[in-house]
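1. From the sequence below, what's the structure:
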Amino acid sequence: MFDRLRCQKCLEVKSFSVEDQPIYRVSVKLFFSIESYFVKFPSRYYIYEMLIFRLAAAIIIQMAIWGALLFLPAGTLGWWRAWVLLGIILLGFLASAASLFPSHRGLLAERLRLPLQKGQPLVDRIVLAFLIISFYGLLAFIPADVFRLHLMA
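-> Numbers count the residues shown, from 1 in each chain. This is a model prediction of the structure:
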């Protein structure tokens, strides 16, 4: 609900006469302009469009990171197992986003935020940074082992 003090209309009635006929002029002043209104209260569709844009950007960036970590150590784009993995991960991203978007937009917006945030305890930040680095390191180790090291063969 809008704040009533900010959204109240201020009506001024000014009268003056031209050729002995009174002309009444009513001017409506608002406490905020149209531009500041849209900045303070963006439309629902604008918020949805920005959420969809952020979601698409996050999926594209995440898939690019996964693709780089799988294909750069492998040295080839012809690794079909990596393409299958990327397809499954993409389907998982899209399925989770599709299930959250209609009814849980707040949760989806929270999931699009960065994992390391201000206000987190220091221990959480350290452990989370270690988990992220080790996860992506393991993801980069898989193609290096398959194509170069052959430790797991």
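2. ok now do the residue nearest the centre of the chain, which residues does it touch?
-> Central residue of the chain (CA atoms, centre = their mean): residue 54, 3.4 Å from the mean position. Each residue near residue 54 by CB atoms under 8 Å, 6 or more residues apart in numbering is listed here: 109, 112. For every residue, glycine as well, the C-beta is placed using N, CA and C.
3. Over to residue 107?
-> Residue 107 makes contacts with residue 100, as judged by CB under 8 Å, 6+ apart.
4. returning to that earlier point: is it true that the residue nearest to the centre of the chain lies in a strand?
-> No: under DSSP: H, G, I helix; E, B strand; the rest coil, residue 54 sits outside any strand and is assigned helix.
5. If I look at it, what pLDDT would I see?
-> Per-residue pLDDT puts residue 54 at 89.
6. gap between it and residue 48?
-> 11 Å (CB to CB, to the nearest Å).
7. do the same with residue 89
-> Computed as CB to CB, the residue 89 to residue 48 distance reads 25 Å.
8. These two: who's more crowded?
-> Neighbour count, other CB atoms under 10 Å: between residue 89 and residue 48, residue 89 has more, with 15 against 12.
9. So the more buried one sits against residue 63, correct?
-> Yes: with contact defined as CB atoms under 8 Å, residue 89 reaches residue 63; the gap is 7.3 Å.
10. lowest-pLDDT helix or strand in the protein?
-> Lowest mean confidence among the helices and strands of the chain (mean pLDDT, DSSP states H and E): strand 21-29, at a mean of 38.
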